[in-house]
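Chemist: below is the sequence, then the predicted model.
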Amino acid sequence: MAEIMRRWEMDGIGRDALWLREVAIPQPGPGDVLIKVAAVALNHRDKMVIETGRGLPLEFPFTPGSDLAGTVVAVGDSVTRFAVDDQVISVFTPDWIDGARAGDARTPSYWTLGGFYPGVLAECVVLPQDWVVRAPRTLSPAEASTLPVAGLTAW
């Protein structure tokens, strides 16, 4: 794999601040997986993040997008859940594992990929192993990439 990849980055709020850039491929740290992105599903929320920021504390440059399907191409030390060549999808709200979601109506928890955490509109991304799950074998990458937001919302 080349040492350079392409990634969409925002330097501010608005579509005029969104740029496709060449950057170094990130390397997985302990507990992380490097994923070669095969497909990304775009949601209306992603459009709102780009156009308005949705009032989120975005740190620029910021990569939007939350839903990916891809292949694990490298793992960091202490990764136990995945191996190279595993097919995975991202988890939309990675800090929410079980039970009631953090926050309330006055202080909602919007700690999501591509909305609080940097997103996935890139050729490769590094994510903690707990921020991805195995992709369904019966779905193509394009189909599987639609599950994190739309699939979970429907569920």
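Modeler: Arrived safely.
Chemist: how about low-confidence regions in the chain?
Modeler: Scanning the chain for pLDDT under 70 picks out 1-2, 108, 152, 154-155.
Chemist: what about the helices in it?
Modeler: Taking DSSP state H to define them, one finds helices in the chain at 44-52, 141-144, 152-154.
Chemist: how about those helices in a markdown table, adding distance to Asp86 and mean neighbour count?
Modeler: C-beta: built from backbone N, CA, C; applies to glycine. As requested, those are exported to a markdown table (distance: least, C-beta to C-beta, whole Å; neighbours: other C-beta atoms under 10 Å):
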| stretch | distance to Asp86 | mean neighbour count |
| --- | --- | --- |
| helix 44-52 | 25 | 16 |
| helix 141-144 | 13 | 17 |
| helix 152-154 | 20 | 10 |
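Chemist: wait, which of these is closest to Asp32?
Modeler: helix 141-144 (20.6 Å; C-beta to C-beta).
Chemist: from Pro141, how far off is the residue lying farthest from the centre of the chain?
Modeler: Farthest-out residue of the chain from its mean C-alpha position, per C-alpha atoms, centre = their mean: Arg106, at 25.9 Å. According to C-beta to C-beta, to the nearest Å, Arg106 stands 39 Å off from Pro141.
Chemist: likewise Val132?
Modeler: Val132 is 13 Å from Pro141, by C-beta to C-beta.
Chemist: for Glu3, same thing?
Modeler: Glu3 is 24 Å from Pro141, by C-beta to C-beta.
Chemist: same check, this time on Ala41
Modeler: Noted for Ala41: a distance of 10 Å to Pro141, by C-beta to C-beta.
Chemist: ditto for Ser90
Modeler: The spacing between Ser90 and Pro141, counted by C-beta to C-beta, is 12 Å.
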